[in-house]
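Student: one predicted model, sequence on top.
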Amino acid sequence: MNCGVRRFVAIACFVLCLFAPVIRAADNPQSVSIRKAVDAAVEPLMKKDGIPGMAVGIVAGRRSYVFNYGLAAANPPEPVTRATLFEIGSVSKTFTATLTTYAQVTGHLSLRDTTSRFLPSLKETPFGDVSLLNLGTHTPGGLPLQVPDGIQSDDQLMQYLRKWQATCKPGTCRTYSNPGIGTLGLITAISMHGSFDSLMEQFIFRPLSMTSTFLQVPDNRMPDYAQGYTKNDRPIRMAPGELSEEAYGVRTTAADMLRFLDANMNLIRVNRTLQRAITETHTGYFQDGGMTQDLIWEQYPYPVPLDTLLAGNSPEMALNATPVQAIMPPEKARNDVWLNKTGSTNGFGAYVAFVPSRRLGIVMLANKNYPNQNRVAVAYSILQGVAGDAH
């Protein structure tokens, strides 16, 4: 670690200690126990990976806790607070999936539909025959991880998709992809006759009382928007791009993400249509080794060994095509499972996981992109530590 990075982390640790009395949860035995488990795991992680700031949210039983660490911005130093907004990268895909199932529940589309139903320029092309389910499960037949360079509009995207050729039969291999889920979000908005951002606000964020969750950060919340940092500790934030809102564009707080986890575990009162849509994202469609691919969410039988989680969240799973087996009929949502999703941008790293049967969940938001395996291992350690307090 060079001198600049050491100084950066030292400042973050100083702020962490300075503000710790303010950010502690209510002083009761459960909160003290949980705080100790989180501190013991997060503080070494921040030092190891040079992370300036983090917000960690815990669901334990029917109680929720948020613990804040370090700096939201280094110059001038600003501490992470409950209002701090983080980029959550591909965790955003879970919201896109939820809007899609909401559209299905309300009759605007079906996951069995092909893309050409809503994108008529793709008729009589291989991509036009791909189902919406394939887009939401990374199984359309081989798409790149990122939208190719040079594509900056929907028209250019359609030109690319008209020329697309599958590298495997749809539904037989998984290739993790921003263009796939991004196109699904685009189609969902078309089916509902609105803009993606306004539909997300109207049907997902607002009904869940996620008042600090945005696709476009309003001017009055910009002071709360954390500064992201590269591996070399240079400041960076996400730049807009084709399908960025649909694939990785959400900014939010740990407290708001806990609301989302609560809804996913059916722990809060949500309107019946939205609750059904949320639950349907937990349907198991494909088996990929030890991981079941739901609609974006990744699922494992609980209890799950750490090694299985690390394999499922490995770089190989994100970067390589892997064979899958369709689950027929699809497996209905289960409670005895660990569901998770990682997310990254160039300056931020996020991880969320929850176990409905234990009423147990975790949100980890950081203003630096750091290895997925470190996120998973720390989250696993924390949830193992608090599991006994979750009832």
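Tutor: Yep, it's here. Residues are numbered from 1 along each chain as shown.
Student: low-confidence regions, the stretch 251-391 of the chain specifically.
Tutor: Scanning the stretch 251-391 of the chain with the threshold set as pLDDT under 70 gives 388-391.
Student: ok, 50 please
Tutor: Low-confidence segments of the stretch 251-391 of the chain (pLDDT under 50): 389-391.
Student: quick one, helices of it?
Tutor: Per DSSP state H, counting those that start in this stretch, the stretch 251-391 of the chain carries helices over the ranges 254-264, 272-280, 306-312, 315-319, 372-386.
Student: out of the ones you listed, which gets nearest to D149?
Tutor: D149 lies closest to helix 315-319 among the helices of the stretch 251-391 of the chain, at 17.4 Å (C-beta to C-beta). From N, CA and C alone the C-beta is placed, and that goes for glycine too.
Student: contacts for the closest one?
Tutor: Residues outside helix 315-319 that contact it (C-beta atoms under 8 Å, 6 or more residues apart in numbering): L145, Y176, D288, M291, A311, T322, N372.
Student: and the second one, what helix or strand is that in?
Tutor: Take DSSP states H and E as the rule and Y176 turns out to sit in neither a helix nor a strand.
Student: quick one, what contacts it?
Tutor: Residues in contact with Y176 (C-beta under 8 Å, 6+ apart) are H138, L145, M317, A318, L319.
Student: buried among those residues? Make that a ChimeraX selection.
Tutor: The ChimeraX selection below is limited to those of the contacts of Y176 classed as buried (16 or more other C-beta atoms under 10 Å):
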select :138,317,318
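Student: of the contacts of Y176, closest to H108?
Tutor: Distance to H108 across those (C-beta to C-beta) is lowest for H138, with 22.5 Å.
Student: the closest one falls within a helix, correct?
Tutor: No: under DSSP: H, G, I helix; E, B strand; the rest coil, H138 sits outside any helix and is assigned coil.
Student: ok, back up a step: now for the helices of the stretch 251-391 of the chain, which one comes closest to L295?
Tutor: Checking the helices of the stretch 251-391 of the chain against L295 by C-beta to C-beta gives helix 272-280 as the closest, at 7.1 Å.
Student: which secondary structure elements does that closest one sit against?
Tutor: Packing partners of helix 272-280 (3 or more C-beta pairs under 8 Å, 6 or more residues apart in numbering; DSSP states H and E): helix 92-105, helix 254-264.
Student: between that helix and helix 92-105, how many degrees?
Tutor: Going by axes from the mean of the first three to the mean of the last three C-alpha atoms, to 10 degrees, helix 272-280 is angled at 120 degrees with respect to helix 92-105.
Student: which among the contacts of helix 315-319 gets closest to G249?
Tutor: For those, the nearest to G249 is L145 (16.3 Å; C-beta to C-beta).
Student: helix, strand or coil for that closest one?
Tutor: Three-state assignment for L145 (three-state DSSP): coil.
Student: and F86, by the same measure?
Tutor: The three-state assignment at F86 reads strand, by three-state DSSP.
Student: burial count for it?
Tutor: Per other C-beta atoms under 10 Å, the neighbour tally for F86 reads 32.
Student: also N335?
Tutor: 13.
Student: so what's it up against?
Tutor: Neighbours of N335 in contact, by C-beta under 8 Å, 6+ apart: P356, S357.
Student: what is the mean pLDDT for the longest strand that the chain contains?
Tutor: Longest strand of the chain, by residue count under DSSP state E: strand 63-74. Averaged over strand 63-74, pLDDT sits at 97.
Student: could you dump the contacts of Y176 to CSV with distance to P303?
Tutor: Listed next are the contacts of Y176 as CSV, based on distance: C-beta to C-beta, whole Å:
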residue, distance to P303
H138, 26
L145, 31
M317, 21
A318, 24
L319, 28
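Student: which one of the contacts of Y176 sits closest to T84?
Tutor: Closest approach between those and T84, by C-beta to C-beta: A318, at 26.6 Å.
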